[in-house]
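S.K.: Structure here, sequence nowhere to be found:
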């Protein structure tokens, strides 16, 4: 199983990239919306990978960040969501937006994704919310401790912090890691989406 590859970006199309590493060119499925974040032809880059093995096909799916790969791995646990659909979703929505859509049961936000119908969106929300629900009770104390560490103790601050921790749980992170990341990323005046993005960057280090 591949984790990532580092090498020279030697070719890029609308659907794939080729990374050369030690004289071998690896063709990786990676649509332009993702590959455009890898750099320019001739530059060295790093691509996070998922290897899909089927009876008639072995494919590599590429991601410009570990956060997007983590979201992909979460999506393929949803019934009816295979690697192709999950990869397409990752190319159209950021992890923080997916988490907010699941938390808010926002079917409309997900059906705006090309190739994802209403039933698929509803399954994503239902199954990921169910996974989150199993973690929510045990996450309460962690979220409260983060709130206490923040410089402001008002209700708005507490709500943003709790929501950020919950969003990371939706994305499959452990409660202790989520609470620690949010605590490190929090600052007065930050909005929820930005707090989630910064927390994800912290977790990726």
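M.R.: In hand now; what should we look at? If you're wondering where the values come from, they're calculated on a predicted model, not measured in any experiment.

S.K.: So what sits opposite the residue nearest to residue 1 when sequence neighbours are not counted in the bridge?
M.R.: Take residue 1 and drop its neighbours on the chain: the residue closest to it by CB to CB, 6 or more residues apart in numbering is residue 51, 5.9 Å away. For glycine as for every other residue, the C-beta is placed from the backbone atoms N, C-alpha and C. Per DSSP bridges, the residues bridged to residue 51 are residue 60.

S.K.: which residues does residue 51 contact?
M.R.: With contacts defined as CB atoms under 8 Å, 6 or more residues apart in numbering, residue 51 is in contact with 1-2, 58-61.

S.K.: can you map out the strands along the chain?
M.R.: All strands of the chain, identified by DSSP state E, fall at 4-12, 16-21, 24-29, 44-54, 57-63.

S.K.: how about TSV for those strands, with mean pLDDT and distance to residue 130 added?
M.R.: Shown next, in TSV, are the strands of the chain (pLDDT from 0 to 100; distance: least, CB to CB, whole Å):
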stretch	mean pLDDT	distance to residue 130
strand 4-12	97	30
strand 16-21	98	35
strand 24-29	97	29
strand 44-54	95	23
strand 57-63	95	25
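
S.K.: Relative to residue 36, which of these is closest?
M.R.: For the strands of the chain, the distance to residue 36 is smallest for strand 4-12, at 8.4 Å, taking CB to CB.

S.K.: which strands and helices sit next to the closest one?
M.R.: Using 3 or more CB pairs under 8 Å, 6 or more residues apart in numbering; DSSP states H and E, the elements in contact with strand 4-12 are strand 16-21, strand 24-29, strand 44-54.

S.K.: Can you tell me how far the residue of the chain most remote from its centre is from residue 44?
M.R.: Computed with CA atoms, centre = their mean, the residue of the chain farthest from its C-alpha average is residue 23, at 31.1 Å. Separation of residue 23 from residue 44 (CB to CB, to the nearest Å): 15 Å.

S.K.: In contact with residue 38: list those residues for me.
M.R.: 9, 12, 17, 30, 45, 47, 64.

S.K.: Which residues does the first one form beta bridges with?
M.R.: Going back to what we said before, that points to residue 9. With DSSP bridges as the rule, residue 9 is bridged to residue 19.
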